[in-house]
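S.K.: just coords:
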C-alpha cells in the first residue's frame, strides 16, 4: 500500500479552514456570537493521537521481536486505517479551528483571549493528531529484512504487498 498523500491531507485541511471560516462568517452576519469550541475537544483529539502512537509502538515491537509469534495482520490493517483516518481528521479539525480563529483575528476590534484561545487550542490539537497519524502509519510499515529473501519485490514496488505493510 502507498503512503498517505500529503495533497489529500492538505485538501482536508483546506476544507476545514473553509468550513470554519464560513461558519464564523454566517454566525457573524446573523448577529450571533462566534462559535467557541470547548477545550475538551482539543484534549480529546490529543488523547486520540496518543492512543494511535501507543498502538503503533506496540505493533512495531511485536513485528521486530524475534519471538516467532505471528502478528495478526487484521490488527495491523485496522491500525493503518486508524492512522490514516487520524491524519484526515487531524487536518480537518485543525483546519476548522484555524478557520474559526482566522475570521476572529481579522476583525478590526480584537476579541478577548477567551474567544480565540480555544480555537487555537483546537488548531494545535489537530496538528498533533495529524503528526500522530503520520507516526503511527510509519510504525505500521514492515521493516526491511523481514521476508526479503522469499519475495524481493515485497517492499520495492512489486504488485503484492504483505499484510500490514503500509
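M.R.: Yes, it's here. Please read all numbers here as calculations on a predicted model, not as lab measurements.
S.K.: my read is that residue 84 contacts residue 4, right?
M.R.: Yes - Residue 84 lies in contact with residue 4 (C-beta atoms under 8 Å); the separation is 5.3 Å. Any C-beta I mention is one placed from the backbone N, CA and C, and that applies to glycine too.
S.K.: of these two, who's got more company?
M.R.: Taking residue 84 and residue 4 together and counting by other C-beta atoms under 10 Å, residue 84 has the greater number of neighbours (21 against 18).
S.K.: shared neighbours, residue 84 and residue 4?
M.R.: 133, 137 (C-beta atoms under 8 Å, 6 or more residues apart in numbering).
S.K.: any idea which helix or strand comes after the helix or strand hosting residue 77?
M.R.: When secondary structure is defined by DSSP states H and E, residue 77 falls within helix 73-105. Stepping forward along the backbone from helix 73-105, the first helix or strand reached (DSSP H and E) is helix 113-139.
S.K.: mean confidence for stretch 54-71?
M.R.: For stretch 54-71, the mean per-residue pLDDT is 84.
S.K.: list the buried ones in that stretch?
M.R.: By neighbour count with 16 or more other C-beta atoms under 10 Å, stretch 54-71 contains the buried residues 55-56, 59-60, 63.
S.K.: try stretch 128-139
M.R.: Here stretch 128-139 shows 128-130, 132-137, 139 as buried, counting by 16+ other C-beta under 10 Å.
S.K.: got it, and stretch 12-30?
M.R.: Judged by neighbour count (16+ other C-beta under 10 Å), stretch 12-30 contains these buried residues: 12-13, 15-17, 20-21, 23-24.
S.K.: what about it, distance to the chain center?
M.R.: Taking C-alpha atoms, centre = their mean, to the nearest Å, one finds stretch 12-30 lying 20 Å from the centre of the chain it belongs to.
S.K.: repeat that for stretch 2-14.
M.R.: Between the mean C-alpha point of stretch 2-14 and the mean C-alpha point of its chain there is a distance of 10 Å (C-alpha atoms, centre = their mean).
S.K.: any idea of the mean pLDDT in that stretch?
M.R.: This predicted structure assigns stretch 2-14 an average pLDDT of 92.
S.K.: what residues does stretch 97-116 touch?
M.R.: Contact with stretch 97-116 is made by 16-25, 28, 34-37, 42, 119-126, as judged by C-beta under 8 Å, 6+ apart.
S.K.: mind redoing it with 10 Å?
M.R.: Outside stretch 97-116, the residues within contact range by C-beta atoms under 10 Å, 6 or more residues apart in numbering are 13-28, 33-37, 41-42, 45, 95, 117-127.
S.K.: stretch 7-18 now?
M.R.: With contacts defined as C-beta under 10 Å, 6+ apart, stretch 7-18 is touched by 5, 84, 87-102, 122-123, 126-127, 130, 133-134.
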